[in-house]
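> sharing a model that was predicted from the sequence below.
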Amino acid sequence: MGYNLKMRVWRGDESGGELADYTVEVSEGEVVLDAIHRLQATQAGDLAVRWNCKAGKCGSCSAEVNGRPRLMCMTRLSDFDPAETITVTPMRTFPVIRDLVTDVSYNFEKAKQVPAADLGPRDADGKRRMMQADVQRGQEFRKCIECFLCQDVCHVVRDHEDNKQAYAGPRFFLRYAELDMHPLDIHDRRAFAQETAGLGMCNITKCCTEVCPEGIHITDNAIIPMKERVADRKYDPLVWLGNKIGIR
Ligand code: SF4
Ligand code: F3S
Ligand code: FES
């Protein structure tokens, strides 16, 4: 059964913009991206929106629906009251290009900084061997679709533009953890993660985990273990105190 959905959509570009009101005909079973596409097809032909798969797998359609970072293609209209006005805005943490499309190149710059894996020497027979349990540990992290919703929600950069230089963000802490947990990797990137990538600035608010459409336990399975790895003699306040009073 169809109904008329009231929508407010942010329209504008880097020089500014505003919320525009629309009423769009929608059908049962549709998602926010369907409503945006119908709006584009019938009333706002110049509305800019990025999308690709419409299946929650390409990570392109990230935006904020009623202020919450979400994939538009995976946000069902049935989650909202039909009488409610749905507000769709671009991701707040990244600069707007136009309408719902943001410039996410901050993330690509952070990706370039991740020190690559260094697998060390091969076994005598030229092969590399790993335990299956060790392989499986990083599998969860490989589910990342690079939607950057976790980057968008993290208050360290969402509310503080000037932190971007020194902070890689949860998606890349995931990558640091994945590489560090690789059973054959011999590269020690702990100091880099802590000092250059800003791991120490994360204060474990877990908002990143809450918005991840892949359900990756970013904080518990990647960030906290990575923080434990860097908490060596230099960073652990208890060890530091022990050194000071001569008990370690
Ligand atoms: Fe998106 Fe989750 Fe990957 Fe972050 S970790 S970019 S929220 S899929
Ligand atoms: Fe940000 Fe996630 Fe840490 S939201 S503060 S990276 S736990
Ligand atoms: Fe690909 Fe939404 S269109 S994740």
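Cool, got the structure. Ligands and ions are numbered 1, 2, ... in the order given.

> CA only for contacts and neighbour counts going forward, please
Noted.

> what does the chain have sitting close to ligand 1?
Of all the residues in the chain, those in contact range of ligand 1 (Cα under 6 Å from any ligand atom) are 144, 145, 146, 147, 148, 149, 150, 171, 212, 213, 214, 216.

> contact partners for residue 33?
Neighbour list for residue 33: 54, 61, 72, 73, 75 [criterion: Cα atoms under 8 Å, 6 or more residues apart in numbering].

> pLDDT below threshold where in this structure?
Per-residue confidence for the chain (pLDDT under 70) gives these ranges: 232-248.

> residue 218 reaches residue 208, doesn't it?
Yes - the pair residue 218 and residue 208 qualifies as a contact (Cα atoms under 8 Å) at a distance of 6.9 Å.

> what touches both of these two?
Overlap of the contact sets of residue 218 and residue 208 (by Cα under 8 Å, 6+ apart) consists of residue 170.

> based on its surroundings, how many neighbours for residue 215?
Other residues within reach of residue 215, judged by other Cα atoms under 10 Å, total 12.

> is it true that residue 23 touches residue 6?
Yes - Residue 23 is within contact range of residue 6, at 4.6 Å (criterion: Cα under 8 Å).

> ok, the two, which is more surrounded?
Per other Cα under 10 Å, whichever of residue 23 and residue 6 has more neighbours is residue 6, with 19 against 15.

> what helices or strands is the one helix or strand that one maps to leaning on?
Taking DSSP states H and E as the definition, residue 6 sits inside strand 3-13. Secondary structure elements in contact with strand 3-13, counted by 3 or more Cα pairs under 8 Å, 6 or more residues apart in numbering; DSSP states H and E, are strand 16-26, strand 85-89, strand 96-98.
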